[in-house]
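Asks: Predicted coordinates and the sequence they were generated for:
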Amino acid sequence: MGIWDVITDIVEAATPWTVAEAEAAAAPAAEEATNEQATEDSKPASEEPEAEEAAEEEDAEKEEEEEEEEEDDEEEIVDPKEKFEEECRESKQCAPAKHHFEECVDRVNNGSKEDCVEEFFHLTHCATDCAAPKVWSALK
Amino acid sequence: MLARSCLRSTRTFAGAKNGAINFTKRAASSSSSGSTAPAQPVMLNIAAVASTAVAIGSIAWYYHLYGPTANAMTPAEEGLHPTKYPWVHQQALKTFDHQALRRGFQVYREVCASCHSLSRVPYRALVGVLLTVDEAKALAEENEYDTEPNDEGEIEKRPGKLSDYLPAPYKNDEAARAANNGALPPDLSLITKARHGGCDYIFSLLTGYPEEPPAGAQVGAGLNFNPYFPGTGIAMARVLYDGLVEYEDETPASTSQMAKDVVEFLNWAAEPEMDDRKRMGFKVLTVTTVLFALSVWVKRYKWAHIKSRKIVYDPPKVGDGPAPRY
């Protein structure tokens, strides 16, 4: 790594439009190089943006975790999709579909030779349609 | 039977009608031409009536055989159409959620990868998107790949590199079929593009296994009931259960959360250029607006002298006398 690389590294670190690199482990090596070769003035410039970014990330993560903890029912994972779809199935919106499905099930149980796939489709479609936005707001 | 009875009624009706018409004609002709012999009109009538009856009968018979269309498609064969979910990354100016991609890759690796390949994705594609370089390298080195032939022409094994592609669980399609009861697990590299309904379909498929098939539904041997799969009998059993995966960012791993993450990851695998594409599209729009504004100003500039000119008709003065007459 030549002196020019060090200079470009410092410039990149100092400029606000720097691209965040995915190389996590490469950063310490760059800092060592700056310690050895560059002047002391450049060090804070190279470290500050990284520290700020890290702090911001931590804040964001904390907020997200807090939201999760509110949703999370103490280690007992409840699938929001199943929960909301169950609620939707019982709702007034899907009452006709549920009624037809249950009638079909009764008919089949009484010896009818049809299947209830179509009724099941209508009920499921109604339930998922009703639950979709709720599920998405519950999921991360 | 219906066709035949219809046929019979039309025949009698047609015969009666024809007979009546011909009878009047014959009466008229016989009255005008006197005693010329008619060319056996009864036989002609019979031939006409019979041929008409055969024609109508053939049409009826054809309709009886081929007329009604056979509606063979049932809703079950079509499969339940997936519900539209409000995917954030499908909005015009939204990127993939890279945290979700990372979780989705974890789900793929721990759950899907045991049967499904992801053969078009190299490790290098994961770098910077959902893994760091070192994580990707470490992941690649877990697998062995063939080397180039050495001096003796033998192919040895080496640990994977970033340029290698994700390993497939089976050597070839036949091996995959043999291991999965004859069903081939499709490659997932382009699956969100390859299926009608895309992300919604795959999400619905993964989370849509009911507790038990609806009453009366026929489920084939070795198949599972899934309403979203065309035909409703799918060889893949439900794989995602609550808490199957332990996310490193401690997101509660509910079934739908895992499905959502893995679908978003698969969508990334199918269109890794999406983020760039949207940015490029926005650039295009920006440049276009600038150019449009520029063109408006240029037009104003170019038309300025035309718009601001004044055309005046100044008629020549012709003496003091009256206007000339022509």
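Replies: Everything's here; your move.
Asks: which residues in chain A form helices?
Replies: Remark: helices assigned in chain A by DSSP state H are A:3-14, A:26-37, A:42-71, A:80-90, A:95-109, A:117-138.
Asks: Next up, the contacts around the nearest residue to residue A:117 once chain neighbours are set aside.
Replies: Leaving aside its sequence neighbours, residue A:117 sits nearest to residue B:76 (Cβ to Cβ, 6 or more residues apart in numbering or on different chains; 4.4 Å). Backbone N, C-alpha and C define where each C-beta goes, glycine included. Listed by Cβ atoms under 8 Å, 6 or more residues apart in numbering or on different chains, the contact partners of residue B:76 are A:115, A:117-118, A:121, B:217, B:231-232.
Asks: isn't there a helix covering residue B:76?
Replies: Yes: when DSSP: H, G, I helix; E, B strand; the rest coil is applied, residue B:76 is found to be in a helix.
Asks: Give me the distance between it and residue B:234.
Replies: Using Cβ to Cβ, to the nearest Å, residue B:76 is found at 12 Å from residue B:234.
Asks: repeat for residue B:244
Replies: Distance from residue B:244 to residue B:234, counting by Cβ to Cβ: 19 Å.
Asks: which bits of the stretch 201-326 of chain B sit near chain A?
Replies: B:204, B:207-208, B:210, B:214-218, B:227, B:232, B:242-243, B:249-257, B:260 (Cβ under 8 Å from any Cβ of the partner chain).
Asks: And the furthest pair within the contacts of residue B:76?
Replies: A:118 and B:231 (14.0 Å; Cβ to Cβ).
Asks: Looking at those two, which one has more neighbours?
Replies: Between residue A:118 and residue B:231, residue A:118 has the larger neighbour count (other Cβ atoms under 10 Å in any protein chain shown), namely 17 against 13.
Asks: Name the member of the contacts of residue B:76 with the most neighbours.
Replies: In terms of neighbour count, residue B:232 stands highest of these at 28 neighbours, by other Cβ under 10 Å.
Asks: Show me which residues of the longest helix seen in chain B are buried.
Replies: Longest helix of chain B, by residue count under DSSP H: helix B:274-307. The neighbour-count check on helix B:274-307 (16 or more other Cβ atoms under 10 Å in any protein chain shown) flags B:274-275, B:278 as buried.
Asks: Chain A versus residue B:42, what's the distance?
Replies: In this view, residue B:42 and chain A are 57 Å apart by Cβ to the nearest Cβ, to the nearest Å.
Asks: what are the phi and psi angles of that residue?
Replies: The phi/psi pair for residue B:42 (degrees, to the nearest 10) reads phi -60, psi -40.
Asks: Next, the contact list for residue 89, please.
Replies: By default, I'm working from chain A. With contact set as Cβ under 8 Å, 6+ apart, residue A:89 has these partners: A:98, A:123, A:126-127.
Asks: nope, chain B
Replies: Residues near residue B:89 by Cβ under 8 Å, 6+ apart: B:95-97, B:264, B:267, B:274.
Asks: That one in helix, strand or coil?
Replies: helix.
Asks: Reduced to three states, what does the nearest residue to residue B:77 once chain neighbours are set aside come out as?
Replies: For residue B:77, ignoring the flanking residues on the chain, the nearest one in space by Cβ to Cβ, 6+ apart is residue B:231 at 5.6 Å. Assigned with three-state DSSP, residue B:231 falls in the coil class.
Asks: For stretch B:118-138, buried residues please.
Replies: For stretch B:118-138, a neighbour-count test (16+ other Cβ under 10 Å) marks B:118, B:121-133, B:135-137 as buried.
Asks: and chain A, which of those contact it?
Replies: B:127-128, B:131-133.
Asks: List just the nearest of those to residue B:300.
Replies: Taking Cβ to Cβ as the measure, residue B:128 is the one of those closest to residue B:300, at 46.5 Å.
Asks: Among residue B:244 and residue B:234, which residue is more densely surrounded?
Replies: Neighbour tally, residue B:244 and residue B:234, criterion other Cβ under 10 Å: the higher count belongs to residue B:234, 21 against 15.
Asks: Show the pLDDT at the residue nearest to that one when sequence neighbours are not counted.
Replies: Excluding the flanking residues, the one nearest residue B:234 by Cβ to Cβ, 6+ apart is residue B:226, at 4.6 Å. For residue B:226, the pLDDT comes out at 95.
Asks: count of residues packed around residue B:226?
Replies: Neighbour tally, residue B:226, other Cβ under 10 Å: 24.
Asks: ok, now residue B:107?
Replies: Residue B:107 has 26 nearby residues by other Cβ under 10 Å.
Asks: and it, what does it touch?
Replies: Neighbour list for residue B:107: B:240, B:245, B:258, B:261-262, B:265 [criterion: Cβ under 8 Å, 6+ apart].
Asks: The residue positioned nearest the centre of chain B: which element?
Replies: For chain B, the residue sitting closest to the mean C-alpha position, by Cα atoms, centre = their mean, is residue B:196 at 4.3 Å. Using DSSP states H and E, residue B:196 sits in no helix or strand.
Asks: cool, and residue B:249?
Replies: In the assignment (DSSP H and E), residue B:249 maps to no helix and no strand.
Asks: separation between residue B:146 and residue B:155?
Replies: Residue B:146 sits 5 Å away from residue B:155, going by Cβ to Cβ.
Asks: helix, strand or coil for residue B:185?
Replies: Secondary structure, three-state DSSP: residue B:185 is coil.
Asks: okay, the ones next to chain A among the buried residues of stretch B:118-138 in a markdown table with secondary structure and pLDDT next?
Replies: What follows is those, written out as a markdown table (DSSP: H, G, I helix; E, B strand; the rest coil; pLDDT from 0 to 100):
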| residue | secondary structure | pLDDT |
| --- | --- | --- |
| B:127 | strand | 95 |
| B:128 | coil | 93 |
| B:131 | strand | 94 |
| B:132 | coil | 95 |
| B:133 | helix | 96 |
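Asks: Reformat the residues you listed as CSV; add distance to residue A:83.
Replies: Listed next are those as CSV, based on distance: Cβ to Cβ, whole Å:
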residue, distance to residue A:83
B:127, 38
B:128, 36
B:131, 33
B:132, 36
B:133, 40
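Asks: Looking at these, which one is closest to residue B:166?
Replies: Once Cβ to Cβ is applied, the member of those that ends up nearest residue B:166 is residue B:131, at 12.0 Å.
Asks: just checking, the closest one touches residue B:102?
Replies: Yes: in this structure, residue B:131 is within contact of residue B:102 by Cβ atoms under 8 Å, at 7.4 Å.
Asks: And the helices in the stretch 51-200 of chain B, which stretches?
Replies: B:75-78, B:98-110, B:123-126, B:133-141, B:173-179, B:191-194, B:198-207 (DSSP state H, counting those that start in this stretch).
Asks: which of those sits most buried?
Replies: Of all those, helix B:198-207 has the most neighbours on average by mean count of other Cβ atoms under 10 Å in any protein chain shown, namely a mean of 23.
Asks: so who does the closest residue to residue B:218 other than its chain neighbours touch?
Replies: Nearest residue to residue B:218, sequence neighbours excluded (Cβ to Cβ, 6+ apart): residue A:115, at 6.9 Å. By Cβ under 8 Å, 6+ apart, residue A:115 lies in contact with A:108, B:76, B:214-218.
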